[in-house]
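# Sequence and predicted structure below; questions after.
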Amino acid sequence: MTIQIDKSMFEAYCRMGCTEQEICEMFGGIEHDDLEAWCQKEYEMHFEQVYKMKLGPVKLALRKHQLELSQTSSMMAIFLGKNILGQSDHPELPVDGNIIRESNEQMLALADLINRPSPVRTLESLERKKEAEE
């Protein structure tokens, strides 16, 4: 059985980002293996390689358009910041054992100062203490 795939339609479906299953369905419900064999014959490449090759320029153009749009649209700027830069409305601090340990030590030292305050020390009292020790 010979499968009929219109090359220009196939490329258009790839550029639209259709899934492999959707592309197979558009050509009469052909099997994955048939599409793979057709790509090997037509392009001498695997389906995934052809798909990436055809979709790549569209993704690049879309990204360019989104970046341009972010100059005038704060919503697009926020979207790109979250999706490309990993920004968040609720940033989480990294959990580091050393940071937690140091923080706990500082809290215990502060609690100790509050519960057992040191007497007020003046220069004179320190000098007297030093003289007494000598």
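Okay, I see it.
# Residues touching the lengthiest helix in the chain, excluding its own?
If you go by DSSP state H, the chain has its longest helix at helix 47-69. Residues outside helix 47-69 that contact it (C-beta atoms under 8 Å, 6 or more residues apart in numbering) are 11, 14-17, 20, 32, 35-36, 39, 43, 45, 76, 79-80. Glycine gets a C-beta too; all of them are placed from N, C-alpha and C.
# center of the protein, which residue is that?
Centroid-nearest residue in the chain: residue 86, 4.6 Å away (criterion: C-alpha atoms, centre = their mean).
# May I have the secondary structure class of that one?
Per DSSP: H, G, I helix; E, B strand; the rest coil, the secondary structure class of residue 86 is coil.
# and it, how far is that from residue 80?
From residue 86 across to residue 80, the span is 11 Å (C-beta to C-beta, to the nearest Å).
# what's the answer for residue 106, then?
Distance of residue 106 to residue 80, given as C-beta to C-beta: 38 Å.
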